[in-house]
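**Student:** Got a predicted structure plus its sequence, pasted below:
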Amino acid sequence: MSEIVINAQNLSKNFYNFDSRLPFIKRFLKRNQITIRAVQDISFTIKRGSIVGFIGSNGAGKSTTIKMLTGTLYPSSGKLEVNGEIPFKRSINFRKKISIVVGNKLQLFQDVSAIDYFQLIGTLYEVEPAILQERIQELSNLLNVEDQLYQQVRTLSLGQKMKMEFIAASLTSPEILFLDEPTIGLDIQSKKDIRTFLKKMNEECHTTIILTSHDMDDISSVCDELIVIDKGKIILQESMDVILSKFSDFKYLKIKMTLDLVPELCSVKGVEVISQKNRNVY
């Protein structure tokens, strides 16, 4: 039986705000507190070495859950263990065994070269210089950025910067890698390079990867399990094989045609017009 590396039981996170619908002056005289239940009593487990897609609409609770798993947010209630540790205690051992990449929050220092930043990471995490250099060479070759290692970070493209982020996150050989929208805004080739990198990292190092993304190509090409969250509640946790087998009979087609042909198309069994906006029919 595979080892459970993440165990969340009845996990909740509440945020508190004040009613903004009241007139400005009344907000100070009568402060009605509103409870926002971002994550509501969710339970799930993740096995070591798996690649899990964590998806949902904006505001569903994905990022809040990731922040609790990485220890940057304290749960309002419930129990949570990640790699045998309580995340929000942020022990040195816990921090050494996880890495995080957030697509819209680059951690690289913009005014130095990527290689200088990597050497700083190696010093902070006490990675042997020879091992560090070997990892940098291997990872930069895999991600096709070996020619950009000595460039100032601010001169790199977004795709190159994100690849450098992945290298930095992998230098310490983390046991768990958390990815929050890592391919947002990237070109097709950069996305392919990152997906290849993640699969290789998982296969060779048995790294557990938790991936949140709105790009379903990321999810379908990398993940072996899927968790779906909606309005703070988990509505599905299943292996990708089972999910694909359930929906393999459904086909979605995008067709360009003139509007006068729509009635004829709708006469075909199984075709239905759901909505129309300007010249687009759905």
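**Tutor:** Noted; the coordinates are in hand.
**Student:** out of everything not next to it in sequence, what's closest to I167?
**Tutor:** Once flanking residues are discounted, I167 sits nearest to L139: 4.5 Å by Cβ to Cβ, 6 or more residues apart in numbering. Backbone N, C-alpha and C define where each C-beta goes, glycine included.
**Student:** Can you verify my assumption that that neighbour contacts T172?
**Tutor:** No. In terms of Cβ atoms under 8 Å, L139 does not count as a neighbour of T172; the distance is 11.9 Å.
**Student:** returning to what we had before: pretty sure the residue nearest to I167 is in a helix, no?
**Tutor:** Yes. When classified by DSSP: H, G, I helix; E, B strand; the rest coil, L139 is found to be part of a helix.
**Student:** So which of L139 and T172 has more stuff around it?
**Tutor:** Comparing L139 with T172 by other Cβ atoms under 10 Å, the one with more neighbours is L139, at 23 against 20.
**Student:** how about the more buried one, what does it touch?
**Tutor:** L139 sits next to F166, I167, S170, L171, F197 when contact means Cβ atoms under 8 Å, 6 or more residues apart in numbering.
**Student:** Compare those residues and tell me which is most surrounded.
**Tutor:** Ranked by neighbour count (other Cβ under 10 Å), the contacts of L139 have I167 at the top, with 25 neighbours.
**Student:** what's the following helix or strand after the helix-or-strand element of the chain with minimal mean pLDDT?
**Tutor:** Ranking every helix and strand in the chain by mean pLDDT, DSSP states H and E puts helix 24-29 at the bottom, with a mean of 60. Using DSSP states H and E, the helix or strand that follows helix 24-29 towards the C-terminus is strand 33-47.
**Student:** That next one pairs with which strands?
**Tutor:** The strands beside strand 33-47 in its sheet (DSSP bridges) come out as strand 4-18 (antiparallel).
**Student:** Any idea how far the strand it pairs with is from the middle of the chain?
**Tutor:** Distance, stretch centre to chain centre, for strand 4-18: 17 Å (Cα atoms, centre = their mean, to the nearest Å).
**Student:** likewise stretch 132-152?
**Tutor:** Stretch 132-152 sits 23 Å away from the centroid of its parent chain (Cα atoms, centre = their mean).
**Student:** What residues of that stretch count as buried?
**Tutor:** L132, R135, I136, L139, S140, L142, L143, N144, V145, Q148, L149 (16 or more other Cβ atoms under 10 Å).
**Student:** what's the span of that stretch, first residue to last?
**Tutor:** 20 Å (Cα to Cα, to the nearest Å).
**Student:** Same check on stretch 134-150?
**Tutor:** End-to-end span of stretch 134-150 (Cα to Cα): 16 Å.
**Student:** How about stretch 216-231?
**Tutor:** Stretch 216-231 end-to-end distance (Cα to Cα) = 19 Å.
**Student:** what's it in contact with?
**Tutor:** Stretch 216-231 has contacts (Cβ under 8 Å, 6+ apart) with 39-40, 42, 44, 46, 50-57, 60-62, 65, 182-183, 191, 195, 198-199, 209, 211, 213, 234-241, 243.
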